[in-house]
Every structure is written in C-alpha cells, then in structure tokens.
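J.: Any chance you can model this:
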Amino acid sequence: MATEPSRAQLLETALLNAIHYDTLIATKAARCCLAAAGRPVVDFGFRRAPRLQSGVRAARTAYLGGISATSNVEAGRRHGAFCRVRPGPFARHHAARGHL
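T.: Numbers count the residues shown, from 1 in each chain. Have a look, this model is predicted:
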C-alpha cells in the first residue's frame, strides 16, 4: 500500500493507540492474577478511567486478562455476570438497614 508518509504516520498512531490500551490493561490484569497465586482478583479501576466507555472497555479487557470480577456495574450489564462487587455506598446503605 503506497501512501504519503504523513498519512501513514497518522494511521499508525491511531492503530497503536487502539491496541496499546487493551494490551496494557490485559497485561496488568494477567500480572496481578499471577501474583495472586490462585486467589481471586477484582478490578476497581473504573474510577481512573477518563470516560464511561473506556471504563467499560478496561473492565472487559481486564476480565479477559484473568480477573474474577469488576466493580463496574455497566460492564457487568453489557458483558455478562462477571460484575460481582457492589459499590461501597450501595453496600454500606443496605448493610446498615440489614438488607445484605
């Protein structure tokens, strides 16, 4: 494929950015799971995601990297039942009332 160098660089940059984020999250999740030596690993990284969609994407990618669950309720809704962690305020509210 012949193209101008500047166009090729723009395409390369976009492609690398798209791939880098997912591989970064999956690799970190896999390393955490290895360090946990069989114990469950839960993702709480949604708070650091810049947008909703990137948080959902990170939770899904971390799950593919080996985590057991995520605190991201939207990722659980979209991608299945791996959302098994209740958000802190929700849990405290219902625990104080004896509902949990």
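
J.: ranges for the helices of this structure?
T.: Using DSSP state H, the helices of the chain run over 5-36, 52-64, 73-79, 88-96.

J.: Quick one: low-confidence residue ranges for this structure.
T.: For the chain, applying pLDDT under 70 flags the ranges 1-3, 81, 84-91, 94, 98-100.

J.: ok, 80 please
T.: By pLDDT under 80, the weakly predicted segments of the chain are 1-3, 46-50, 80-100.

J.: if you compare the helices of the chain, which one is most tucked away?
T.: helix 52-64 (a mean of 20; mean count of other C-beta atoms under 10 Å). All C-beta spots, glycine's among them, are computed from the backbone N, C-alpha and C.

J.: Now do it: everything it contacts.
T.: Helix 52-64 has contacts (C-beta atoms under 8 Å, 6 or more residues apart in numbering) with 21-22, 25-26, 28-29, 43, 45-46, 49, 70, 72, 74-76, 78-79, 82-83.

J.: That helix vs helix 5-36, what angle?
T.: 50 degrees (axes from the mean of the first three to the mean of the last three C-alpha atoms, to 10 degrees).

J.: Now helix 52-64 - C-alpha only, PDB.
T.: Once non-C-alpha atoms are left out, helix 52-64 reads as follows in PDB (Å, rounded to 0.1, in the frame of the first residue of the first chain):
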ATOM      1  CA  LEU A  52     -17.600   5.600  30.700                       C
ATOM      2  CA  GLN A  53     -16.800   3.800  27.500                       C
ATOM      3  CA  SER A  54     -13.100   3.400  28.400                       C
ATOM      4  CA  GLY A  55     -14.000   2.200  31.900                       C
ATOM      5  CA  VAL A  56     -16.300  -0.500  30.400                       C
ATOM      6  CA  ARG A  57     -13.600  -1.400  27.900                       C
ATOM      7  CA  ALA A  58     -11.000  -1.600  30.600                       C
ATOM      8  CA  ALA A  59     -13.200  -3.900  32.800                       C
ATOM      9  CA  ARG A  60     -13.900  -6.200  29.900                       C
ATOM     10  CA  THR A  61     -10.200  -6.300  28.900                       C
ATOM     11  CA  ALA A  62      -9.100  -7.000  32.500                       C
ATOM     12  CA  TYR A  63     -11.600  -9.800  32.600                       C
ATOM     13  CA  LEU A  64     -10.000 -11.300  29.500                       C
END
